[in-house]
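Undergrad: Need a 3D model of the sequence below.
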Amino acid sequence: ARAGLSLARDLTSFTPFMDDRFGVEMLEGLPTVPGHEVSGVADGFTGFGRLAVLAAAGLKDLLSRCSLSDDALSKTGIYLNVDDHHFQDVAARIRAHDEQVSADELPSVGWTRRCATLISKVEQLAGVVLSSSVQEVVFGGSAGLVHALERATASIASGRVSRCIVGGVDSRVDIRFIGAAAERHVLRTNENPVGLIPGEAAALFLLERVTALPSHQSTVQLGATARIDGSDDLLSAEPALGRGLSQAIANAVAAEGRTTAPAFMIGDLNGTEKRAREWANAVVRLQHLGVLAQANAWLPAMAFGDTGAAAGALAVCLAVRAFVRGYAPEKSAMIWLSSEGGTKGTLFVNSLLA
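TA: Okay, here's the model as predicted:
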């Protein structure tokens, strides 16, 4: 699984007309936006091309650890979660002011069409051929990983493929995202400490039946998953009450056969006020239900920035390495995710190591 090297730098807009969206000019100049980018992998690429290069690098890194034959690869499906473009759609509506923006004119529509060839491009760049019958790009944002996992699990259970590669890729240092986030005033700058730091990552992992693996290769088992759609929209004017996120967590905990969440939690808080309020409200609800004993969680965004649609897969990979290297707080990890558009997801990963 590849999260890439995280290199912090001040991001520039590349287009002068957008600089003033970062904030009010001060004596030192316009506010700067800190960001984390993967170094030396997709330099010079942007948009679709950047995602393809990052995902291909992640795929090659994964396969270098799995040693799958060409025949095995031909029986391997892939589900890749990417950005839902909710930020860009909201920004487009704001720019239109009172004019109605038709559904066909939204940035997410063009993005969906463009990404139709993403997996084939990733295969080409990585030099591999996967199953042509089970390939899907999921436009789910951060919580979209849960949907991708549910789809992959169903494909394996039905016998359509023997295994699936599941992952996420996103680049929030891309100028289109930075512009949209700046219009919503959610970027962290040197004058706004409450905001997100753009990041990027490509993280992928292999999902197989445990019974199909030699015992010495069984590292982590996927546990319960839960997904709630249509909950708090983190870019709307409505308060984030945490109902959907708390319900997703409570459902996953119950499906896992537990009464409370584990001490080992990984969440996708990114520094924005609204996401913090959503989590705080979810904590109150969960503690009232007796589901949450403590609210501490690992926050990958502190090291990698906000990695968007890659956040869920990145969290899985961090949990796996924690199990393998022996510093996980316990042998069960719960990952909770919140997409800006309203989807909330939770999943469990459990260590099989002695």
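
Undergrad: Could I get the full set of helices for the chain?
TA: Along the chain, counting by DSSP state H, helices occupy 47-66, 70-74, 86-96, 107-114, 118-126, 144-157, 175-183, 243-255, 273-289, 301-304, 311-325.

Undergrad: Just the buried residues of the last one, please?
TA: Judged by neighbour count using 16 or more other Cβ atoms under 10 Å, the buried positions of helix 311-325 are Ala311, Gly312, Ala313, Leu314, Ala315, Val316, Cys317, Leu318, Ala319, Val320, Ala322, Phe323. Backbone N, C-alpha and C define where each C-beta goes, glycine included.

Undergrad: OK, contacts around the second one?
TA: Okay, so that is Gly312. Gly312 sits next to Asn81, Ser142, Ala143, Gly144, Leu145, Val146, Gly168, Asp268, Ile335, Leu337, Gly345, Leu347 when contact means Cβ atoms under 8 Å, 6 or more residues apart in numbering.

Undergrad: Looking at the helices of the chain, spot the one closest to Ala237.
TA: Among the helices of the chain, helix 273-289 comes nearest to Ala237, with 10.2 Å by Cβ to Cβ.

Undergrad: Residues in contact with that closest one: which ones?
TA: 186, 194, 232, 234, 239-243, 245-246, 249-250, 261, 267-269, 292, 295, 338.

Undergrad: which of the residues you listed are buried?
TA: 186, 232, 234, 240-243, 245-246, 249-250, 261, 267-269, 292, 338.

Undergrad: Could you point out which residue ranges in the stretch 151-300 of the chain have low pLDDT?
TA: Counting by pLDDT under 70, the stretch 151-300 of the chain has low-confidence residues at 211-218.

Undergrad: sorry, back to before: would you reformat the helices of the chain as TSV and include distance to Ala203?
TA: Shown next, in TSV, are those (distance: least, Cβ to Cβ, whole Å):
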stretch	distance to Ala203
helix 47-66	6
helix 70-74	19
helix 86-96	20
helix 107-114	20
helix 118-126	14
helix 144-157	9
helix 175-183	18
helix 243-255	20
helix 273-289	20
helix 301-304	10
helix 311-325	4
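
Undergrad: Looking at those helices, spot the one closest to Gln221.
TA: That would be helix 311-325 among the helices of the chain, by Cβ to Cβ, at 10.4 Å.

Undergrad: relative orientation of the closest one and helix 47-66 in degrees?
TA: On the basis of axes from the mean of the first three to the mean of the last three Cα atoms, to 10 degrees, helix 311-325 is oriented at 20 degrees to helix 47-66.
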